[in-house]
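Participant: Below is the structure, and that's it, no one-letter string:
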């Protein structure tokens with residue numbers, strides 16, 4: 001690898017650099033959209049679990065019995081799994097909200113109207129579409145590359161935040177699912193006692 005690096009001292013042209021940065025920008029945008037889409041699907045499952053567990057709980061909780069050892073164990077298991085489900089459900093909703101939270105630019109450099117051309121808040125600092133057109137039409141290839149790389153850097157923070165939240169959510173979702181399966185199964189069994 002070092003020999004290859006030593007032989008290849010060719011610099012990319014500015015156009016190659018812009019194309020590379022733009023592909024990176026598009027890839028990260030795709031990752032962000034995929035994370036948001038996955039989170040949306042998982043929220044649907046999560047809400048299904050909650051919508052099916054709460055009505056069942058309203059029927060099962062009054063039917064709990066503590067007369068025999070089997071009923072004691074079943075009632076205790078139901079209460080534990082139902083409580084575990086509630087905790088895991090709330091924690092999962094909290095974590096998934098971090099995936100879906102809108103984010104804005106973190107870089108602190110002062111915007112320069114006419115030169116900051118890609119981030120939507122910077123675009124809107126131009127007086128009108130003609131001023132924005134003027135800024136883009138007068139931009140050098142270095143300025144365009146700088147705009148793209150600034151946004152790639154920002155998107156990296158967004159990707160990391162979303163992926164970290166999805167990883168945490170996946171663990172909590174497994175606990176939610178396990179608690180849902182146990183509480184639903186035991187709940188239907190307790191309902192059959194009547």
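Facilitator: All right, it came through fine. Keep in mind the model is a prediction, meaning the values are calculated, not measured.

Participant: where does the protein have low pLDDT?
Facilitator: Along the chain, the model assigns pLDDT under 70 to residues 1-9, 105-114, 194.

Participant: For the top helix by length along it, name the packing helices and strands.
Facilitator: Longest among the helix segments of the chain by residue count, using DSSP state H, is helix 141-191. Applying 3 or more CB pairs under 8 Å, 6 or more residues apart in numbering; DSSP states H and E, we find helix 141-191 packed against helix 14-60, helix 69-100. Every residue, glycine included, has its C-beta placed from N, CA and C.

Participant: Deepest-packed of these, please.
Facilitator: Among the helices and strands packed on helix 141-191, judged by mean count of other CB atoms under 10 Å, the one packed with the most neighbours on average is helix 69-100 (a mean of 17).

Participant: tell me the angle of that one relative to helix 141-191?
Facilitator: 170 degrees (axes from the mean of the first three to the mean of the last three CA atoms, to 10 degrees).

Participant: Following element in sequence after helix 69-100, please.
Facilitator: Later in the chain than helix 69-100, the nearest helix or strand by DSSP states H and E is helix 120-123.

Participant: Just want the most central residue of this protein.
Facilitator: Geometric centre of the chain, nearest residue: residue 99, 2.4 Å, by CA atoms, centre = their mean.

Participant: residues contacting that residue?
Facilitator: 35-36, 39, 162, 165-166, 169 (CB atoms under 8 Å, 6 or more residues apart in numbering).

Participant: Looking at these, which is nearest residue 95?
Facilitator: Closest approach between the contacts of residue 99 and residue 95, by CB to CB: residue 169, at 4.1 Å.

Participant: Excluding sequence neighbours, find me the nearest residue to that closest one.
Facilitator: Excluding its sequence neighbours, the residue lying closest to residue 169 (CB to CB, 6 or more residues apart in numbering) is residue 95, at 4.1 Å.
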